[in-house]
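Novice: Predicted model follows, preceded by the sequence.
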Amino acid sequence: MRWQRGVLVVGIGAALSGCTANPSPFAPKSAKAQEITDLFSIIHFFGGVVFLVVAALVLFAVYRFSRDKTPGEPQQLYGNTRLEVAWTALPALLLVVVLGLTVNTMASTRQPAEASYTIRVIGHQWWWEIIYPDQRIVTASDMHIPVGVPIYVEVESVDVQHSWWVPELSGKIDAYPGRVNRTWIQADEPGRFRVHCSEFCGTQHANMAMYVIAQPQAEFDAWVARTSQPAPPELWPENDPVAAVFTQCIGCHAINGSTVAKGVSGPNLTNFGARTHIAAGVLDMNEENLKRWLRDPNEVKPGTLMGQAVRRGSLSEEEIDVLTRYLLSLK
Ligand SMILES: [Cu+2]
């Protein structure tokens, strides 16, 4: 196994050497992802052998049977039963082997009978909403999970087709509007695993990332306890200047515990300040980046739906300061 994968990684690595170090399906970090990678490698190995044999035969035929100097029609050949049977049976046999291996992997990566948690992931253009129904948490972009236990993930979409893919932990699963697809993940070690949308879903498809953050159980429990609290009411005083400028935002954004911020078309901001990135992986989480986002979302992520309401100049620098302080305090 090892050496086939080595050949593959070198080949594909050479082809992609322009790309940055993103999560690779060739570096699995869970038992499930390992099985999928093994299958992928075997199929590519067979595919590579077939390619080499066919390419060699074509080159041989071109060389051996190219027009020779003798005048007149070349010798005509018709049918060869033995050859035809061989080149039908051989690929069929290979495909049966691949089918067998695939069914075997499907069986061994089947969803476990029970999972410790069920988490719902909902695709939006162009970010992921994350809901913990039992813990009554609605958040976005960072999915916290405990390590070492299976997690059911229910995947759907509110608009177009997306596809949820954590290359290091699992295979892809489609996100459709009006239908719930189920998959599962398990992280064997703590870590932060990037998720990609893997179904073209519009202009910012490539900027639709999220992270699975696997933590030891105690840390995860602490996160749940903190995040399931509503935002403290003192952050939402009735006549605060924040409240005044924030009214522009509450049609699209919700904050748990607020009586007015109940919008659902943008990410829930209840624990925004505790997240690790802004706008689905486009910017790291820090004050300067948040200000950049609020100044002109379209400059950061052209086409983003927030850009229909918030444009360059919509907010004064003073308002941006106030909003930034407020948003970063939401943990
Ligand atoms: Cu998408």
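Specialist: Thanks, I have it.
Novice: shouldn't residue 270 be in contact with residue 330?
Specialist: Yes. Using CB atoms under 8 Å, residue 270 is in contact with residue 330, at 6.3 Å. (Glycine included, C-beta is placed from N, CA and C.)
Novice: more crowded one of those two?
Specialist: Using other CB atoms under 10 Å as the criterion, residue 270 and residue 330 rank with residue 270 on top: 25 against 17.
Novice: mind checking the SS state of the more buried one?
Specialist: coil (DSSP: H, G, I helix; E, B strand; the rest coil).
Novice: so the closest residue to it other than its chain neighbours is in which element?
Specialist: Spatial nearest neighbour of residue 270, chain neighbours left out: residue 256 (4.4 Å); criterion: CB to CB, 6 or more residues apart in numbering. Using DSSP states H and E, residue 256 maps to neither a helix nor a strand.
Novice: Let me know whether residue 256 touches residue 232 as I believe.
Specialist: No. Taking contacts as CB under 8 Å, residue 256 lies outside contact range of residue 232: 10.7 Å.
Novice: what do residue 270 and residue 330 both touch?
Specialist: The contact sets of residue 270 and residue 330 overlap at 231, 255 (CB atoms under 8 Å, 6 or more residues apart in numbering).
Novice: circling back: what about the residue nearest to residue 270, neighbour count?
Specialist: Count around residue 256 with other CB under 10 Å applied: 20.
Novice: Any figure for the gap between it and the ion?
Specialist: 25 Å (CB to the ion, to the nearest Å).
Novice: How about the contacts made by that residue?
Specialist: Taking CB under 8 Å, 6+ apart, we find residue 256 in contact with 138, 229, 230, 231, 268, 270.
Novice: Looking at it now. What's its pLDDT?
Specialist: Listed pLDDT for residue 256 reads 85.
Novice: Phi and psi next, for it.
Specialist: Main-chain torsions, residue 256, degrees, to the nearest 10: phi -60, psi 140.
Novice: which residues does the residue of the stretch 1-150 of the chain found nearest the ion contact?
Specialist: Nearest residue of the stretch 1-150 of the chain to the ion (CB to the ion) works out as residue 123 at 5.4 Å. Neighbouring residues of residue 123 by CB under 8 Å, 6+ apart: 129, 155, 156, 157, 158, 159, 162, 164, 175, 197, 201, 208.
Novice: tell me which residues form a beta bridge with it?
Specialist: Residue 123 has these beta-bridge partners by DSSP bridges: residue 128, residue 157.
Novice: Can you give me the distance of it to residue 42?
Specialist: 31 Å (CB to CB, to the nearest Å).
Novice: And for residue 304?
Specialist: Distance from residue 304 to residue 42, by CB to CB: 41 Å.
Novice: So which of these two has more stuff around it?
Specialist: Each of residue 304 and residue 42 has its neighbours counted (other CB under 10 Å); residue 304 has more, 23 against 18.
Novice: need the contact list for the more buried one.
Specialist: Residue 304 sits next to 126, 204, 279, 297, 298 when contact means CB under 8 Å, 6+ apart.
Novice: could you pull out the strands for the stretch 151-300 of the chain?
Specialist: Here the stretch 151-300 of the chain has its strands, by DSSP state E, counting those that start in this stretch, at 151-157, 162-165, 172-175, 181-185, 191-197, 209-215, 277-278, 283-284.
Novice: Serialize those strands to CSV and add fields for mean pLDDT, distance to residue 321 and mean neighbour count.
Specialist: Formatted as CSV, the strands of the stretch 151-300 of the chain follow (pLDDT from 0 to 100; distance: least, CB to CB, whole Å; neighbours: other CB atoms under 10 Å):
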stretch, mean pLDDT, distance to residue 321, mean neighbour count
strand 151-157, 96, 36, 21
strand 162-165, 96, 35, 24
strand 172-175, 95, 37, 20
strand 181-185, 95, 39, 18
strand 191-197, 94, 30, 20
strand 209-215, 95, 28, 22
strand 277-278, 94, 17, 20
strand 283-284, 93, 18, 14
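Novice: Save those as JSON lines, and put in distance to residue 57 too.
Specialist: Converted to JSON lines, the strands of the stretch 151-300 of the chain look like this (distance: least, CB to CB, whole Å):
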{"stretch": "strand 151-157", "distance to residue 57": "44"}
{"stretch": "strand 162-165", "distance to residue 57": "37"}
{"stretch": "strand 172-175", "distance to residue 57": "35"}
{"stretch": "strand 181-185", "distance to residue 57": "41"}
{"stretch": "strand 191-197", "distance to residue 57": "38"}
{"stretch": "strand 209-215", "distance to residue 57": "44"}
{"stretch": "strand 277-278", "distance to residue 57": "51"}
{"stretch": "strand 283-284", "distance to residue 57": "52"}
